[in-house]
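*Asks:* all I have is the shape, not the residue letters:
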């Protein structure tokens, strides 16, 4: 067999495979209900997941809340899990950050719940970022304080 025949056979076979795949994808898209809106919702969910780093379902599982949870339920669970996982209490910074990201994801998904909230804070009382100044002050010597 010559090189030309082999190449022609390869091209024809490739075109057939791609053509069948395209035809099948077109049939599936045409048969699907609301194909364009489903694709738009999928793109929106993917973009939101990219910002928050997790899906809505993951966030709900992490915080152990129902899809219909109120702001109070979400924050109660968040504050409890955040506090339990504090480094000072022997918790895991990784788990604490997952809890925080889960709350962020729910904020992205349900801004109306968090907009009505009474002055929400990024983290509950006693978190590591709020006490970093206290730690720095405790670690400084009297000479350092005098020079300030």
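*Replies:* Received it, and whenever you're ready, just let me know what you need. Small disclaimer: the values here were computed from a predicted structure and weren't measured. Numbering: from 1, shown residues only.

*Asks:* biggest helix in the protein by residues?
*Replies:* Ordering each helix of the chain by length in residues (DSSP state H) puts helix 3-31 first.

*Asks:* may I see the buried residues of that one?
*Replies:* By neighbour count with 16 or more other CB atoms under 10 Å, helix 3-31 contains no buried residues. Placement of C-beta: from N, CA and C, glycine included.

*Asks:* could you do stretch 62-75 as well?
*Replies:* Residues 62-63, 65, 69, 71, 74-75 are the ones in stretch 62-75 that count as buried (16+ other CB under 10 Å).

*Asks:* just the ones of those in helices?
*Replies:* Counting by DSSP H, the part of the buried residues of stretch 62-75 found in helices is 62-63, 71, 74-75.

*Asks:* got phi/psi on residue 66?
*Replies:* Per-residue torsions, residue 66: phi -80, psi 160 (degrees, to the nearest 10).

*Asks:* meant to ask about residue 64
*Replies:* Phi and psi for residue 64, reported as degrees, to the nearest 10, are phi 60, psi 50.

*Asks:* so it sits against residue 77, correct?
*Replies:* Yes: at 5.7 Å, residue 64 counts as touching residue 77 under the criterion of CB atoms under 8 Å.
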